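Chemist: Need coordinates for the following:
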Amino acid sequence: MARAATTSDAFNAVAEPRRREILDALAGGERPVNDLVDLLDLAQPHVSRHLRVLRDVGVVDVRGEGRQRLYRLNPQALKPIHDWVAGYRHLWEERLDALEGVLEDLKDQENQEKD
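Modeler: Residues are numbered from 1 along each chain as shown. Reported below is the predicted structural model:
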């Protein structure tokens, strides 16, 4: 059954590319909205809308500092995504190992042709 088109959980919230860009920006630490606006080259209302979705699902926390609102990641809220992706890690490892074998074979062939 298909997932509902909502932003009620971290999976749906991070499905939107601009929200992933915000998460990438926040991975380096807290940032005020204006920094995100400049970095993403988006209008402030758009950034605020994305931040609200991320905040509503708990992926982003906010705190006030004077007149500024600083946003930061809540890594614990991303854990379900991490756990789900981890289930596929072995597939990537197998494919990368196979690619490494092919590259080594090609390198060996190239070295033999040079000799």
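
Chemist: from here on, contacts and neighbour counts on C-alpha atoms
Modeler: OK.

Chemist: Show me how far the strand or helix carrying Val47 is from its chain's centre.
Modeler: Using DSSP states H and E, Val47 sits in helix 44-56. Relative to its chain's centre, helix 44-56 lies at 16 Å (C-alpha atoms, centre = their mean, to the nearest Å).

Chemist: Just give the closest residue to Trp57, not the sequence neighbours.
Modeler: Check again: residue 57 is Val, not Trp. Closest residue to Val57 apart from its sequence neighbours, by C-alpha to C-alpha, 6 or more residues apart in numbering: Asp9 at 5.5 Å.

Chemist: Can you check the pLDDT for the one you found?
Modeler: Predicted confidence (pLDDT) for Asp9: 86.

Chemist: Likewise for Asp38?
Modeler: Looking at Asp38, its pLDDT stands at 95.

Chemist: contact partners of the strand or helix carrying it?
Modeler: Asp38 belongs to helix 33-40 when assigned by DSSP H and E. Residues outside helix 33-40 that contact it (C-alpha atoms under 8 Å, 6 or more residues apart in numbering): Glu21, Ile22, Ala25, Ala43, Gln44, Val47, Ser48, Arg69, Leu70, Tyr71.
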